[in-house]
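> sequence first, then the predicted structure:
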Amino acid sequence: MRNIKLTLAYDGTEFHGWQIQPGQPTIQGALTDVLGKLTQENLTVYGAGRTDAGVHALGQVAHFKTHAHLTAAEFQRAFNALLPAAIRVFAAEEVGPDFHARWQALAKIYHYRIFRGAVVPPFEWRYVLHDPFSLDVAAMAEAARLFEGDHDFTSFAASTGSEDDDRERTTVREIYRSEVTCNERGDVITYAVRGKSFLRYMVRKMVGTLLEVGRGRLSPSDLPGLFELRDRSRSGPTVPPCGLFLVSVEYPAPWEFR
């Protein structure tokens, strides 16, 4: 079988996340439907990250295995002709049989955007959290750096919905980079985080906590204690998904798969 890797972007506003859900529009579902028409095979499309409902992607990576003889370039053209306009395949390539979009990802980069101006431009509202109130951006930047390293992120993640799964899941994650920046005009704050994997709603809960720091309700010195508490009710709220983007996914060099 041939293994085809896709790099895609999507506006997640109208979708119920990546993963197929019966009766709901999803990114994986749209890709799978098109792939079935192209190959007449019952195939699975695997994504690097299962983005939640309303979350966007600039550089999601996926792969599928097929017996079809279409070239990678033909797959790309066909996907873009048949997919909804909110999903675009920017690159397609044939890769080795061992490549797996999820399991071989070394790191993912997410960005969360906060618009601080009084009025959100009409072309921005789908892609930012609007927060026009006073924020201590320097304190937020200081707190963001404290997320770096190995930590138990129980306080910064949502429940799986199952008490048994919550008890069994591993909640320690390593964050390679965590930073808050502001654009030159000062009207957009971007939170950038890079790590190997993330818990459910983890980035959105981290952003909610950083906003609490910016409002003075928490201080950077509170973060070590929040890690130790392992109590998600003590950290900031989970912010809406509209401002969150999966920016890119990193993989080993191709020869390292062999």
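Thanks, I have the structure now. Numbering: from 1, shown residues only.
> drop to CA atoms for contacts and neighbour counts, all remaining ones
Noted.
> does Pro237 touch Val203 like I think?
No: counting by C-alpha atoms under 8 Å, Pro237 sits too far from Val203 to count as a contact (11.1 Å).
> and those two? Which one has more around it.
With neighbours defined as other C-alpha atoms under 10 Å, Pro237 and Val203 compare such that Val203 has more, 23 against 18.
> on the three-state scheme, that one is what?
Assigned with DSSP: H, G, I helix; E, B strand; the rest coil, Val203 falls in the helix class.
> ok, the one 5 residues further on next?
Remark: Gly208 carries the secondary structure label helix [criterion: three-state DSSP].
> okay but Val188 is in contact with Ile114, surely?
Yes: with contact defined as C-alpha under 8 Å, Val188 and Ile114 form a contacting pair (5.6 Å).
> show the contacting residues for the residue nearest to Ala141 when sequence neighbours are not counted.
Sequence neighbours aside, Val180 is the residue nearest to Ala141 in space, at 4.8 Å (criterion: C-alpha to C-alpha, 6 or more residues apart in numbering). Val180 sits next to 137, 140-141, 144, 189-192 when contact means C-alpha atoms under 8 Å, 6 or more residues apart in numbering.
> can you rerun that using 7 Å?
Applying C-alpha atoms under 7 Å, 6 or more residues apart in numbering to Val180 gives the contacts 140-141, 144, 189-192.
> the residues you listed into JSON lines, with extra columns for distance to Leu6 and pLDDT?
Formatted as JSON lines, the contacts of Val180 follow (distance: C-alpha to C-alpha, whole Å; pLDDT from 0 to 100):
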{"residue": "Met140", "distance to Leu6": "35", "pLDDT": "98"}
{"residue": "Ala141", "distance to Leu6": "34", "pLDDT": "98"}
{"residue": "Ala144", "distance to Leu6": "32", "pLDDT": "98"}
{"residue": "Ile189", "distance to Leu6": "30", "pLDDT": "98"}
{"residue": "Thr190", "distance to Leu6": "27", "pLDDT": "98"}
{"residue": "Tyr191", "distance to Leu6": "26", "pLDDT": "98"}
{"residue": "Ala192", "distance to Leu6": "24", "pLDDT": "98"}
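> can you tell me which of those has the most neighbours?
Within those, neighbour counts (other C-alpha under 10 Å) peak at Met140, which reaches 26 neighbours.
> list the contacts of Thr190.
Per C-alpha under 7 Å, 6+ apart, neighbours of Thr190: 111-114, 180-182.
> same check on Val89?
Per C-alpha under 7 Å, 6+ apart, neighbours of Val89: 6-9, 76, 79-80.
> okay, and Gly29 sits in which element?
Using DSSP states H and E, Gly29 maps to helix 27-39.
> report the buried residues of that helix.
27-32, 34-35 (16 or more other C-alpha atoms under 10 Å).
> out of those residues, which is nearest to Val128?
Ile27 (20.4 Å; C-alpha to C-alpha).
> from what I can see that closest one touches Trp18, true?
Yes: using C-alpha atoms under 7 Å, Ile27 is in contact with Trp18, at 4.7 Å.
> out of the contacts of Thr190, who's the most crowded?
Tyr112 (25 neighbours).
> how much space separates that one from Val188?
Per C-alpha to C-alpha, to the nearest Å, Tyr112 is found 10 Å from Val188.
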